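*Asks:* one predicted model, sequence on top.
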Amino acid sequence: MKPLYWPRHNHELVEQAFTQRLHELNLSRRQWQVLNAVARGAGTAEEVDEAMKPFVAGEGTMAPHLEEFARRGRLRRNQLT
């Protein structure tokens with residue numbers, strides 16, 4: 001049973017490193033997902049919502065995250081039409 005330990009252990013180490021890096025960047029995982037949707041071509045708030053649909057059932061629109069990014073200077077308002 002010992003070999004099954006290592007994949008799980010490695011996964012946990014990657015998750016910890018990822019979470020730490022997001023914290024250093026002052027981002028939540030959800031915010032990172034929103035930025036990733038924009039980077040992959042979501043050009044409107046509605047497209048971001050559509051891209052995020054599998055991850056955010058019941059959360060509603062991601063527009064508040066987009067507004068926060070604009071406020072913090074991480075995303076220009078004109079980047080999303």
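*Replies:* Received it, and whenever you're ready, just let me know what you need.

*Asks:* quick one: the helices in the protein?
*Replies:* Along the chain, counting by DSSP state H, helices occupy 5-24, 29-39, 45-52, 63-72.

*Asks:* same list (these) but as JSON lines, adding mean neighbour count and mean pLDDT.
*Replies:* All C-beta atoms are positioned from the backbone trio N, CA, C, and that covers glycine. Listed next are those as JSON lines, based on neighbours: other CB atoms under 10 Å; pLDDT from 0 to 100:
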{"stretch": "helix 5-24", "mean neighbour count": "10", "mean pLDDT": "92"}
{"stretch": "helix 29-39", "mean neighbour count": "17", "mean pLDDT": "93"}
{"stretch": "helix 45-52", "mean neighbour count": "18", "mean pLDDT": "93"}
{"stretch": "helix 63-72", "mean neighbour count": "16", "mean pLDDT": "91"}
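
*Asks:* how much space between residue 56 and residue 74?
*Replies:* Distance of residue 56 to residue 74, computed by CB to CB, to the nearest Å: 19 Å.

*Asks:* wait, residue 31 sits on residue 64?
*Replies:* No - Residue 31 lies out of contact with residue 64 (CB atoms under 8 Å); the separation is 10.2 Å.
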